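Peer 1: Structure for this input, please:
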Amino acid sequence: MEVRFVAPHLNHLDELDSELLFAAVFDDERPVHGVAGLCDWRLGGRISKILASGFFSGALGEVLLVPGRPKTTFDKICLFGAGSRTSFDEAVYVQLVRRMFKAMVDLRARGGVVELPGRHLGLVSPERAVEIALEQAAHHAAEVDVWVLVEEAAGRAAIEKLVFDLKRRRQRVESAFDV
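Peer 2: Below you'll find the predicted structure:
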């Protein structure tokens with residue numbers, strides 16, 4: 001799976017043309033923040049209205065698909081309930097990333113724009129977030145080609161360093177077994 005990046009700002013998101021955008025929504029964060037909040041603003045408060053109606057609350061396990069076009073460059077915005085911020089931990093993160101991959105596969109999408117759960121609040125480090133995401137990606141290598149991660153510059157730099165180090169380690173292992 002290829003990993004690319006986009007900054008979490010509307011002008012950068014507007015430059016993308018993607019079928020799917022994935023974001024997590026906490027049930028105790030109102031108004032929503034992160035990329036979900038940016039999309040809510042662009043959609044004229046549609047996500048906030050859905051949350052206010054109670055149809056989707058952000059409870060752990062909920063999934064909501066919202067049409068993105070014509071107000072965004074995304075066909076679909078897929079929101080994942082992340083539960084409460086205080087209950088968010090690595091186990092919840094793993095569960096959400098698994099669900100994101102499953103949704104991508106079920107929707108027959110080869111890639112998408114993803115804000116890794118909890119990253120907009122710094123609830124998980126960029127390195128650990130990507131380590132877990134890459135572990136999960138290994139289960140879907142034949143089905144998912146690219147994730148465009150929504151990440152600030154500092155997080156992007158940390159992730160790029162980690163990915164570079166992982167590739168270098170893999171090359172060393174492969175060359176050690178060359179006969």
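Peer 1: Could I have the CA atoms of stretch 31-40 written out in PDB?
Peer 2: Only the C-alpha atoms of stretch 31-40 are listed here, as PDB (Å, rounded to 0.1, in the frame of the first residue of the first chain):
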ATOM      1  CA  PRO A  31     -18.700  20.700  17.200                       C
ATOM      2  CA  VAL A  32     -16.700  18.100  15.400                       C
ATOM      3  CA  HIS A  33     -13.100  18.900  14.700                       C
ATOM      4  CA  GLY A  34     -10.400  17.700  12.400                       C
ATOM      5  CA  VAL A  35     -11.200  16.800   8.800                       C
ATOM      6  CA  ALA A  36     -14.800  15.900   9.800                       C
ATOM      7  CA  GLY A  37     -15.200  19.500  11.000                       C
ATOM      8  CA  LEU A  38     -13.700  20.900   7.800                       C
ATOM      9  CA  CYS A  39     -16.200  18.800   5.800                       C
ATOM     10  CA  ASP A  40     -19.100  19.900   8.000                       C
END
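Peer 1: Identify the residues contacting it?
Peer 2: Defining contact as CB atoms under 8 Å, 6 or more residues apart in numbering, one finds that stretch 31-40 is touched by 8-10, 13, 21, 23-26, 46-48, 51, 58, 66, 68, 72, 74, 77, 79, 113, 115, 119-121, 150. Backbone N, C-alpha and C define where each C-beta goes, glycine included.
Peer 1: Now which of the residues you listed would you call buried?
Peer 2: Buried members of those, counted by 16 or more other CB atoms under 10 Å: 8, 13, 21, 23-26, 46-48, 51, 58, 66, 68, 72, 74, 77, 79, 113, 115, 119-120, 150.
Peer 1: Now, those that are in strands?
Peer 2: Leu21, Ala23, Ala24, Val25, Val66, Phe74, Ile77, Leu79, Val113, Val150 (DSSP state E).
Peer 1: The last one reaches Val113, doesn't it?
Peer 2: Yes. Between Val150 and Val113 a contact is recorded at 6.4 Å, counting by CB atoms under 8 Å.
Peer 1: shared neighbours of these two, anything?
Peer 2: In contact with both Val150 and Val113: Val6, Leu13, Val35, using CB under 8 Å, 6+ apart.
Peer 1: From the contact counts, what lies against the host helix or strand of Leu162?
Peer 2: Leu162 is located in helix 153-176, with elements delineated by DSSP states H and E. Secondary-structure packing of helix 153-176 (3 or more CB pairs under 8 Å, 6 or more residues apart in numbering; DSSP states H and E): strand 2-6, helix 126-137.
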